[in-house]
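>>> generate a structure from the sequence data that follows.
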Amino acid sequence: MAPLPEIHLSALSYTLEHWLPRTGIPGTGLRAHDPLDLAAPYQRGSVWTLGQRQALVKSLYMGVPIGAVIVSTLPYQAGREADWRVVDGKQRVEAIRAWAADEFAVPGDWFAEEYLEQPGALTVSWSGLSVRGQRKFQGCMVPGLQFDAERVWLGFGPGEVAPGKDDRERRWGKRTEAEMLVAEAELYALINGGGTPQTAEDMARAADVARGAQP
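The predicted structure is shown next:
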């Protein structure tokens, strides 16, 4: 039996804007396109509720880490628009995009007055934020982890020397498109299949404590 393959992820620092579709700039040659493929066959549909999307906006505003979005680097293919395929974080990316596209609103009293176009508004969507408020969100950190699924570690070559030496021959292979999907799906399952999901009762208890109820 072959040993488990090693998975190498590169950590990348991105702001919220990185996860939005590119709008393009007329006259510059920069075309409008979407660098992300959100429709991998192993992915769920769009399952987050409005409340979950609102909670993500709240977390971003408050500076709460929302976790890294994991993407797989796609090799060049004629006609392919996307540069990366989202392995983990689809719901977060969709929520960020929906917020930036004015598709939902959140309570206005979440925000300091300088972040609102109309202070005192009961609910606020993206366009209801002031320029300063929009810039605050645009600068929020939403980190990424990049998986080079096309490249697979094959171990050391036959001419290896003593363990720990840096001059051993390292061997890498190249996955096909179908093999990349298999590797991504395995990574997706490992990330999302561990642990025990929070139940509705667990979340309700935490919400009660957050409102000041005694545990």
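>>> tally of neighbours for residue 189?
Other residues near residue 189 number 11, with proximity taken as other C-beta atoms under 10 Å. C-beta here means a position set from N, CA and C on the backbone, and glycine is covered the same way.
>>> same check, this time on residue 119
Counted with other C-beta under 10 Å, the neighbours of residue 119 add up to 12.
>>> ok, it touching residue 113?
Yes - with contacts counted by C-beta atoms under 8 Å, residue 119 reaches residue 113, the gap being 4.1 Å.
>>> what about the longest helix in this structure?
Identified as the longest helix of the chain according to DSSP state H is helix 177-193.
>>> just the CA atoms of it, as PDB, please.
This file holds the C-alpha atoms of helix 177-193, laid out as PDB (Å, rounded to 0.1, in the frame of the first residue of the first chain):
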ATOM      1  CA  GLU A 177      -7.800  17.200 -14.700                       C
ATOM      2  CA  ALA A 178      -9.800  14.200 -13.400                       C
ATOM      3  CA  GLU A 179      -7.100  13.400 -10.900                       C
ATOM      4  CA  MET A 180      -7.100  17.000  -9.700                       C
ATOM      5  CA  LEU A 181     -10.800  16.700  -8.900                       C
ATOM      6  CA  VAL A 182     -10.200  13.500  -6.900                       C
ATOM      7  CA  ALA A 183      -7.400  15.200  -4.900                       C
ATOM      8  CA  GLU A 184      -9.600  18.300  -4.200                       C
ATOM      9  CA  ALA A 185     -12.600  16.200  -3.200                       C
ATOM     10  CA  GLU A 186     -10.400  14.200  -0.700                       C
ATOM     11  CA  LEU A 187      -9.100  17.500   0.800                       C
ATOM     12  CA  TYR A 188     -12.700  18.800   0.900                       C
ATOM     13  CA  ALA A 189     -13.900  15.700   2.700                       C
ATOM     14  CA  LEU A 190     -11.000  15.700   5.200                       C
ATOM     15  CA  ILE A 191     -11.700  19.400   6.100                       C
ATOM     16  CA  ASN A 192     -15.400  19.100   6.400                       C
ATOM     17  CA  GLY A 193     -15.800  15.600   7.700                       C
END
